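>>> Quick one, structure for this:
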Amino acid sequence: MAAPSSLTIVIKLGTSSIVDEKTHEPILSILTLIVETVAKLHRDGHRVVLVSSGAVGVGLRRMDVDERPTYLPRIQALAAVGQCRLMSLWDNLFSHLRVPVAQILLTRNDIADRTQYVNAQNTFGQLFDMGVIPIVNENDTLAVSEIKFGDNDTLSAITAAMVKADYLFLMTDVDCLYTANPRNNPDAKPIEVVSDIASLEADVSSAGSSLGTGGMSTKIVAAKLGTSAGVTTVITKSSKPGNVHEIVKYLQHVEARSNGTANEQDAPTAPLHTRFLRSGTPVQSRTFWLLHGLYPHGTLFIDHGAYNALLNKANLLPAGVVGVEGHFGQQEAVRLVVVERPSPDALNGDFYHHAQEPKEVGRALVNYGSLEIAHIKGHRSTEIETLLGYADSDYVAMRENISFHPEDIVSHPVTPSLTPALDEWK
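Purely as a prediction, here's the structure:
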């Protein structure tokens, strides 16, 4: 069991923090400072994970390629070349401080199965117990769009949720978020604390480097994911990695002060940063996995009655499904979208494009594939065997395999007038 002062910290580094954008040479000055910072945190008793981009950039340098190609197999080949050298570089730098490291390469496929997701959590736990620094990257040598996380900001947030991190640090090229772009607006003011991301007013127009895939907008998305899982997320400057150690000390003091175990006058000063406060009601591990760990292969359109029944912990019955989009099989993830139930005249048309304000409210693992659900939608459970010739389940999806986006649970309270009697859904 970790000591009370021991924290789990995830630090995400973009390609521009690791590789020079023009020469593709490793930026050894920053890398060395990062290693020293992680080693300090490690010596302080904290568990640290690095989420490191840069494989393609290092591969470009190794193969003397001037620009990142657009042909996917070429990119994946360069990633395969670069990942070896990148990991060797990390291992060499950390070895000088006698800190062991481990490589973890992930795609969504690696955590699509709940057992694999839990196994990944257990692997991280064992590495922490052994005093090892896990270095995580997306497996760009194999990933295609359907199984990619999209960018390492998203990957870092999912990793932070997986390891139940206290803090997620997103290293970028600015000190913090500003109310406007500080490069061209001298009146831009720093945003130091964000308690409600939905109400955030900031300039997030930064598009990332030519080597990387992210920008400030992807960091906002990562902050939403992280904070929803109970992880305080921090944006700070990548060229000053030592800031992470100072910010952690400052936040520990803030926590101690709130507990009455520290004095305000003893507070250390913190470098400029933006801190996104963790949710007071974080989603559980399985809920987070369903919402963000899986790639949705299609969409189920459900009516308001079914939605409210689900909020009342009922299972999803075929009677509440009004449409299906995409091709998917049993036990694959789908989006749940609430729509107005269409009129009979619209049932044969593209109804969901005309429905009133359709909105994704969550995700589900389904008991039937898309073709089967298209046949049984709108029918009673007792009719499934007649329609399909078999009945694996009375339900399209079990409630335990359905998760709602937290903001939707708040913004869509159960409306008694819309909630049908449960026997109407059988």
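>>> mind checking the SS state of Thr227?
Following DSSP: H, G, I helix; E, B strand; the rest coil, the label given to Thr227 is helix.
>>> residue ranges for the helices of this structure, please.
For the chain, applying DSSP state H gives helices covering 15-18, 28-43, 55-62, 72-95, 108-111, 114-129, 152-162, 216-228, 242-258, 285-288, 304-311, 370-376, 384-388, 406-411.
>>> Tell me how many other residues surround Thr281.
For Thr281, the neighbour count with other CB atoms under 10 Å is 10. Any C-beta I mention is one placed from the backbone N, CA and C, and that applies to glycine too.
>>> Leu97 now?
13.
>>> for the one 5 residues further on, same thing?
Applying other CB under 10 Å, we find 16 other residues in the vicinity of Ala102.
>>> same deal with Ser5?
11.
>>> hang on, it packs against Leu251?
No. Ser5 is not in contact with Leu251 according to CB atoms under 8 Å; the separation is 11.7 Å.
>>> Pro186 is nearest to which of the helices of the chain?
For the helices of the chain, the distance to Pro186 is smallest for helix 216-228, at 19.1 Å, taking CB to CB.
>>> List of residues touching that closest one?
Residues from elsewhere that reach helix 216-228, judged by CB atoms under 8 Å, 6 or more residues apart in numbering: 12, 150-151, 153-154, 156-158, 160-161, 165, 168, 170, 172, 174, 177, 194, 197, 200, 203-206, 208, 232-233, 235, 276-279, 282-283, 288, 292, 406.
>>> Just these: which are in strands?
Here DSSP state E is the test, and the contacts of helix 216-228 give 12, 168, 170, 172, 177, 194, 232-233, 235, 276 as lying in strands.
>>> ok so, going back, could you flag which of the contacts of helix 216-228 are buried?
For these, a burial check counting by 16 or more other CB atoms under 10 Å picks out 12, 151, 153-154, 156-158, 160-161, 165, 168, 170, 172, 174, 177, 194, 197, 200, 203-204, 206, 208, 232-233, 235, 276, 278-279, 282-283, 288, 292, 406.
>>> So which of the helices of the chain is the most surrounded?
Burial among the helices of the chain, expressed as mean neighbours by mean count of other CB atoms under 10 Å, is greatest for helix 152-162, which shows a mean of 27.
>>> Got the domain ranges for this protein?
8-286, 296-408 (the TED database).
>>> okay if I get those domains as TSV plus mean pLDDT?
Output for the domains of the chain, formatted as TSV (pLDDT from 0 to 100):
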stretch	mean pLDDT
domain 8-286	86
domain 296-408	88
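>>> Show me what counts as buried in stretch 326-337.
Neighbour counts over stretch 326-337 (16+ other CB under 10 Å) mark 328, 332-337 as buried.
>>> Mind telling me the two of those residues farthest from one another?
Glu332 and Val337 (16.2 Å).
>>> so what's Phe124 up against?
49, 104, 134, 162-163.
>>> Which of these sits closest to Ala80?
Ile104 (16.3 Å).
>>> partners of the closest one in the sheet?
Val136 (DSSP bridges).
>>> my read: it touches Glu138, true?
No. Using CB under 8 Å, Ile104 is not in contact with Glu138, being 10.3 Å away.
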